[in-house]
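Engineer: need coordinates for the below:
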Amino acid sequence: MMNTEKNNKKHLLIVEDDKSMVKIYEYMLSSERERYTYDIACSAAEGEKLMEENEYDLIILDVIMDEVRGDEFFIRLRRVKGIDTPIIFVTVCDMQNQAYLGSINNYLVYKKPITKKGLLEKIGAMTK
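Structural biologist: Numbers count the residues shown, from 1 in each chain. Sure, this is the predicted structure:
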């Protein structure tokens, strides 16, 4: 018999290399355990590995990471791997000038600083 309670939860992947931001995400999502489960990847490589092992309803992706920029990881997921999971970019950067994003759908840019209310609204909108 299928566990419908678990199936109603949205499964999120958070790709973030800043440990303080990881703690913020964990705090912001702690009150939402009935709605969301999540995995955290501290690098693009770890995120890619988790995506091979799991299915996600949404990816929350930091743009500025040490190893591989989040937008480069995004292009790899979309164009090379063919993964169309919705993505929320979290960034301090202005991404409006990124022309290559114009040809790709199912993403949203959320500019830092983030708030719990703002993050949860964006997650809700992207996982409907």
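
Engineer: what are the ranges of the strands in this protein?
Structural biologist: 10-15, 36-41, 58-62, 87-91, 107-111 (DSSP state E).

Engineer: reformat these as TSV; add mean pLDDT.
Structural biologist: What follows is these, written out as TSV (pLDDT from 0 to 100):
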stretch	mean pLDDT
strand 10-15	95
strand 36-41	96
strand 58-62	90
strand 87-91	83
strand 107-111	71
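
Engineer: just these: most buried one?
Structural biologist: Mean neighbour counts were compared across those using mean count of other CB atoms under 10 Å; the top stretch is strand 58-62, at a mean of 24. The C-beta positions use only the backbone N, C-alpha and C, and glycine is treated the same way.

Engineer: now the angle from it to strand 36-41?
Structural biologist: Angle between the axes of strand 58-62 and strand 36-41 is 40 degrees (criterion: axes from the mean of the first three to the mean of the last three CA atoms, to 10 degrees).

Engineer: quick one: strands adjacent to strand 58-62?
Structural biologist: strand 10-15 (parallel), strand 87-91 (parallel) (DSSP bridges).

Engineer: could I get the first one in CSV with only the CA atoms?
Structural biologist: Coordinates of the C-alpha atoms in strand 10-15 are reproduced here as CSV (Å, rounded to 0.1, in the frame of the first residue of the first chain):
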residue,chain,number,x,y,z
LYS,A,10,7.4,17.9,-2.3
HIS,A,11,11.0,16.7,-2.4
LEU,A,12,13.5,19.6,-2.7
LEU,A,13,17.2,19.6,-3.6
ILE,A,14,19.2,22.6,-2.2
VAL,A,15,22.6,23.1,-3.8
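
Engineer: contact partners for the residue nearest in space to the middle of the chain?
Structural biologist: Nearest to the mean C-alpha position of the chain, by CA atoms, centre = their mean, lies I60 at 1.4 Å. If you count contacts by CB atoms under 8 Å, 6 or more residues apart in numbering, I60 has them with 12-16, 25, 87-88, 90, 123.

Engineer: would a markdown table of the residues you listed with distance to P113 be doable?
Structural biologist: As requested, those are exported to a markdown table (distance: CB to CB, whole Å):
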| residue | distance to P113 |
| --- | --- |
| L12 | 20 |
| L13 | 22 |
| I14 | 17 |
| V15 | 19 |
| E16 | 14 |
| Y25 | 13 |
| I87 | 19 |
| I88 | 15 |
| V90 | 10 |
| I123 | 17 |
